[in-house]
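Undergrad: Dropping a prediction and its sequence here:
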Amino acid sequence: MPEMKFKKTESLSREEAAARLTEIARALSHGEQFELERGGEKVKLDVPDEVTVEFEVEIEDGKTKLEVEIKWPSQFGPSGLEVEIELP
């Protein structure tokens, strides 16, 4: 059972999805703390210099799903960020 789980699913244009991923990439590359927000709830993430990245593509029932998972150990136990995008 996760100590904390924050999941956000929303419908975005391709450009909006790219902008969201660019924000995350910018924060990762600059070593900045960054926030994710959902309905008034916010989670702040401190990312170390080294992370594990996993890419997965699934094609099923006429849908393509791309998952990018970034994991790192945290002082509170296993932690990470998962970004999931469904393409029509």
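TA: Structure's in. What do you need? Numbering: from 1, shown residues only.
Undergrad: The chain: helices as residue ranges?
TA: Assigned by DSSP state H, the chain shows helices spanning 14-30.
Undergrad: what about the strands in it?
TA: With DSSP state E as the criterion, the chain has strands at 34-38, 41-45, 52-60, 63-74, 77-87.
Undergrad: In JSON lines: those, plus mean pLDDT.
TA: Formatted as JSON lines, the strands of the chain follow (pLDDT from 0 to 100):
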{"stretch": "strand 34-38", "mean pLDDT": "71"}
{"stretch": "strand 41-45", "mean pLDDT": "77"}
{"stretch": "strand 52-60", "mean pLDDT": "94"}
{"stretch": "strand 63-74", "mean pLDDT": "88"}
{"stretch": "strand 77-87", "mean pLDDT": "51"}
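Undergrad: is it possible to export the ones you listed to a markdown table including distance to Ala27 and mean neighbour count?
TA: The way it works is simple: take the backbone N, C-alpha and C, and place the C-beta from them, glycine included. Below are these laid out as a markdown table (distance: least, Cβ to Cβ, whole Å; neighbours: other Cβ atoms under 10 Å):
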| stretch | distance to Ala27 | mean neighbour count |
| --- | --- | --- |
| strand 34-38 | 4 | 13 |
| strand 41-45 | 8 | 12 |
| strand 52-60 | 15 | 10 |
| strand 63-74 | 11 | 14 |
| strand 77-87 | 10 | 14 |
